[in-house]
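[1] Fold the following.
(chains A and B)
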Amino acid sequence: MVAAVHGDSQAMIQLRRLFRFFGTTRAVQDVSFEVQAGEVFGYIGPNGAGKTTSMRILSTLDLPDYGDALVDGFSVVNDPDRVRKRLGFMPDNFGTYPNMNCVEYLDFFARSYGIIGRERTKALRHTLSYTGLDKIAEKPIRGLSKGMRQRLCLGRAMIHDPAVLILDEPANGLDPRARIELRHMIRGLAADGKALLVSSHILTELGEMCDAIGIIERGQLIVSGSVKDIQARLRPHIDVRVQLAERGQELGQWLEGRPHVSEVQSSDRVVRFQFASSDQQEQSGILRAIVLADFPVLEYSTESRSLEDVFLQITTGAVQ
Amino acid sequence: MNERLSTVPSLAGRGDVQSSAFQHRMLETPEKRWERAWVWCSERVNPIVVKEVRQSLKSRQFSISFGLTLIAAIGWTLVAVSMSVPRMYYLPGGMVLLAGYFCILTLPLMVIIPFSTFRSLTAETDDSTFELLSISALSASQIVYGKMASGCVQMVLYLSALAPCIVLTYLLRGVSLFAILLALGLTVAFSLGETALALLFAAIGRTRMVQSGISVLVLAGLMMGVFAWLTLLLSEALVEFAFLPSEVSVVLFALLTVFALAISLVLNAAAAAIDFPSENHSTPLRLRIVALLALVTFWSLLGVIATREAEGAVILLIGVFIALMFLGGLITGEYGVISPRAQRTLPKTFFGRVFLTWLYPGAGLGYIFVVSLFGGLVISLASVELFYTNSLNNWFGRDSVVVAGYLLLGYLAFYLGLNRLLMLGLPKTIPARMLGSITLLAVMLLLAHLIPLLIAFYWNDYREFDYAWHQAFNIVWSVNEAIENGPLNRASAAFSSQIGASMLIITLCAIVIFGLNLVLCTRDVLLVRVAEPPRVREDKLGQAQDRPAGGDLWQSPQPPVVDPFAPEDGDQPSVT
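    A predicted model of the protein is given here:
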């Protein structure tokens, strides 16, 4: 609806030293990050970490005590009306109107965003088809399942084609198939140039769909950046596992003292070690050297860390 | 722009949404011209009205109440007509029938509609839909006025349902058309007023617990309102309406204008209560207060000049004083700051800053605004009294407007100013600050009246005593004394020195307190307009370009097609 093109370097979402207190509880403290157009940013944290509070501030539902947040360059504090035109928010808990069906619900929100005439008709048609609600367009909302309601809320958030989408636990209540479809859809929206901020507890899914993540705990952003960068930052070495037909002990001794190699553990057929270099040439070099030394290698694998491992390593699980 | 949506698969996993053969009546262009006109009109109506009407038409509550009203009207018609046969052939029987219809009509108009409008706004919070409304492009005013308008639509439905019955009463004679229209008009006006107030209460109570308490109060108030109005209407008013003099039309017109402005003020206050905090709510509200007071003053002065009776002016002064004391109590508790957004609209010129800065948020600015407003009223009324001094009759005595106005202005400046200074000492973030401020003012007024009275009683051995200067802070006694035996009253000067001393004390106290407050709000007064951020300016300039006139939002160029099932390279979906 409203174009987001105003400068190549301008991030679509910017949090600048955001603070929010509830009494003595510091819900959000000094949180800053940016999300570029076409990027999916995963917002991760335990319950009560401050994810929803930050998202509510970004969606102009709450005010920060200090700091500011910008959406498409507009301050959520000083220009909430402009922010709202550019933003679609799907809250964790959302309401629906009784005595209304799906198409009437979407029609109301389309009108609320000032979409009228043929534009509204097209917006409704596309959104209903896009969310798969066209077959149940006339069905009363109160009769919808949790998953269908999620779709309806997503449809509501994107009815005005916003440049920025904020999705708070969007996969909550969806069946596995719908989750996969949602993942593809989020990637599709990002490819369409939209900036997406997504929070979820299902870390495996976030790992697959996000370009970058931010981990928040007790109101503080502990780490943010691309998933690979964070993984590399947290563990500068890679774990290598070599399976051999024989001569495992011998390979263990052979590896001792070689550059970048440490923590060698060997048995007859399996050798594990850590390789402290991110240079891919050097990583391939050690494999080539093992093969050239005539060790009977059956399998050579590096163990990467999942987002869950990263999350568990970074967070302490403390609540406030 | 949403053509781009077709580039990604639907959530249902069917890919191209363009191929969907999905049909729906709401998505089709009607063939008939009147249907197209109807759609065109509905799209320009406030979306809240459309939603509320859709919901109401499907709601059980509306069906039951509307059905019962119709059944009651038909039932009463049958009963009344059968009971008055054969008298109705030669005696007028319209009044009895009309009284019954009013009993039936006032219940939905004065209870059901205001309460359902109240519930409609509170239910947005209960059903967690208010947040969704807040983040849409609808403004708070659109939400509140939309709710009000949907209440009006219901009123029209009820009135049109009862219209044939009311026409019948006129045909049965015994009641004039003017009386019917006046009674109906006043009932509708009361209903509108109640609905606006109900919306204000719904907007103020945002938590469920508060809402529950308020809903009981609102319902009780509505029931009392309908009972009072029906009692008045059926006991005297309906009969007397037929004998009202023709001048009453001017009074009715005056009341109508004041009423319309008052409703606008109440609705804007409700909108301010649900709006985003950084928005400048003060200026539109204070402008409406100025307009309302100016209108009331205009009609009052017109009445005084036309009737040559000045009592009305004194009563108006006292009424406005009480209203502004209450309003000022709320304003002086306000924790309003001029947000950067509001600073963008601050007046630029010298005169603008002198006269308009007081309309901006802040307890200090609000205090000056309230005192200046009342000062303006006192000057206007006093000028008229002094100009027409020989031709005005005043039951309260000559110059009573000047004396009472002067004294009341002093009290307003003193008590509100003191309240503001005391509120400055409290933490800025205490909850229910405005409620605390009005409570503090009430306690202060109570003590200021009671303590001198008790001391004087003690000094006089608990016997009756006359007014003296030490009762200067007693508003009621001092004003009464000033009107009856004030220093300007040339007929009697028995206690002139005492009330003169009181007026001197109040004047000095008011000047000191007003001056202190004026100095303390210097920071707000000296704020200058800030420039709009470049991005906002850019947006304002580019808004017209976003949607070219006659353009089609959905006809944007087709972007590249994304295949999410194609092999992925890293985290990025491939683009074909």
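[2] the longest helix in chain B is where?
    The helix spanning the most residues in chain B, taking DSSP state H as the definition, is helix B:140-171.
[3] Report the closest residue of the stretch 251-400 of chain B relative to chain A.
    Of all residues in the stretch 251-400 of chain B, residue B:341 sits closest to chain A, with a separation of 4.3 Å (C-beta to the nearest C-beta). C-beta here means a position set from N, CA and C on the backbone, and glycine is covered the same way.
[4] does residue A:213 count as helix, strand or coil?
    Assigned by DSSP: H, G, I helix; E, B strand; the rest coil, the conformation of residue A:213 is strand.
[5] For it, list the residues it contacts.
    Contact criterion C-beta atoms under 8 Å, 6 or more residues apart in numbering or on different chains gives A:41, A:42, A:43, A:44, A:206, A:224, A:225, A:226, A:227, A:230, A:307 as the residues in contact with residue A:213.
[6] Tabulate these (JSON lines), appending neighbour count.
    Formatted as JSON lines, the entries for the contacts of residue A:213 read as follows, by neighbours: other C-beta atoms under 10 Å in any protein chain shown:
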{"residue": "A:41", "neighbour count": "24"}
{"residue": "A:42", "neighbour count": "24"}
{"residue": "A:43", "neighbour count": "29"}
{"residue": "A:44", "neighbour count": "27"}
{"residue": "A:206", "neighbour count": "25"}
{"residue": "A:224", "neighbour count": "21"}
{"residue": "A:225", "neighbour count": "15"}
{"residue": "A:226", "neighbour count": "14"}
{"residue": "A:227", "neighbour count": "20"}
{"residue": "A:230", "neighbour count": "22"}
{"residue": "A:307", "neighbour count": "22"}
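[7] Run through the residues you listed and flag the ones next to chain B.
    Intersecting the contacts of residue A:213 with the surroundings of chain B, defined as C-beta under 8 Å from any C-beta of the partner chain, gives residue A:227.
[8] And the contacts of residue A:213, which is closest to residue A:190?
    For the contacts of residue A:213, the residue nearest residue A:190 by C-beta to C-beta is residue A:41; the value is 9.7 Å.
[9] Pick out the residue nearest the middle of chain B.
    For chain B, the residue sitting closest to the mean C-alpha position, by C-alpha atoms, centre = their mean, is residue B:266 at 0.8 Å.
[10] surely that one meets residue B:202?
    No. At 11.8 Å, residue B:266 does not count as touching residue B:202 under the criterion of C-beta atoms under 8 Å.
[11] Okay, now the unreliable bits of chain B?
    Within chain B, the stretches with pLDDT under 70 are B:1-31, B:389-399, B:485-496, B:543-576.
[12] quick one: contacts for the spatially closest residue to residue A:113 that is not a sequence neighbour?
    Distances taken as C-beta to C-beta, 6 or more residues apart in numbering or on different chains put residue A:160 closest to residue A:113, at 3.9 Å, once the chain neighbours are dropped. With contacts taken as C-beta under 8 Å, 6+ apart, residue A:160 has the following neighbours: A:1, A:85, A:88, A:109, A:110, A:113, A:115, A:123, B:137.
[13] just checking, residue A:160 is part of a helix?
    No. Residue A:160: not assigned to a helix; according to three-state DSSP it is coil.
[14] on that earlier part again, what's the longest helix of chain B packed up against?
    For helix B:140-171, the elements it packs on are helix B:47-58, helix B:60-84, helix B:94-107, helix B:113-126, helix B:177-204, helix B:248-274, judged by 3 or more C-beta pairs under 8 Å, 6 or more residues apart in numbering or on different chains; DSSP states H and E.
[15] How about the second one, which residues are buried there?
    Applying a neighbour-count criterion of 16 or more other C-beta atoms under 10 Å in any protein chain shown, one finds B:62, B:65, B:66, B:69, B:72, B:73, B:76, B:77, B:80 buried in helix B:60-84.
[16] And for the spatially closest residue to the fifth one that is not a sequence neighbour, the neighbour number?
    Meaning residue B:72. Beyond its immediate neighbours in the sequence, the residue positioned closest to residue B:72 (C-beta to C-beta, 6+ apart) is residue B:104, lying 4.7 Å away. Neighbour count of residue B:104, defined by other C-beta atoms under 10 Å in any protein chain shown: 21.
[17] And for residue B:343?
    In terms of burial, residue B:343 registers 17 neighbours under the definition other C-beta under 10 Å.
[18] Residue B:523 too?
    With neighbours defined by other C-beta under 10 Å, the count for residue B:523 comes to 11.
[19] One more: residue B:376?
    Using other C-beta under 10 Å, residue B:376 has 14 other residues around it.
[20] Which element, helix or strand, includes it?
    If you go by DSSP states H and E, residue B:376 is part of helix B:363-387.
[21] Name the next helix or strand following that helix along the chain.
    For helix B:363-387, the following helix or strand on the C-terminal side (DSSP H and E) is helix B:400-424.
[22] Measure how that next one sits relative to helix B:363-387, angle-wise.
    170 degrees (axes from the mean of the first three to the mean of the last three C-alpha atoms, to 10 degrees).
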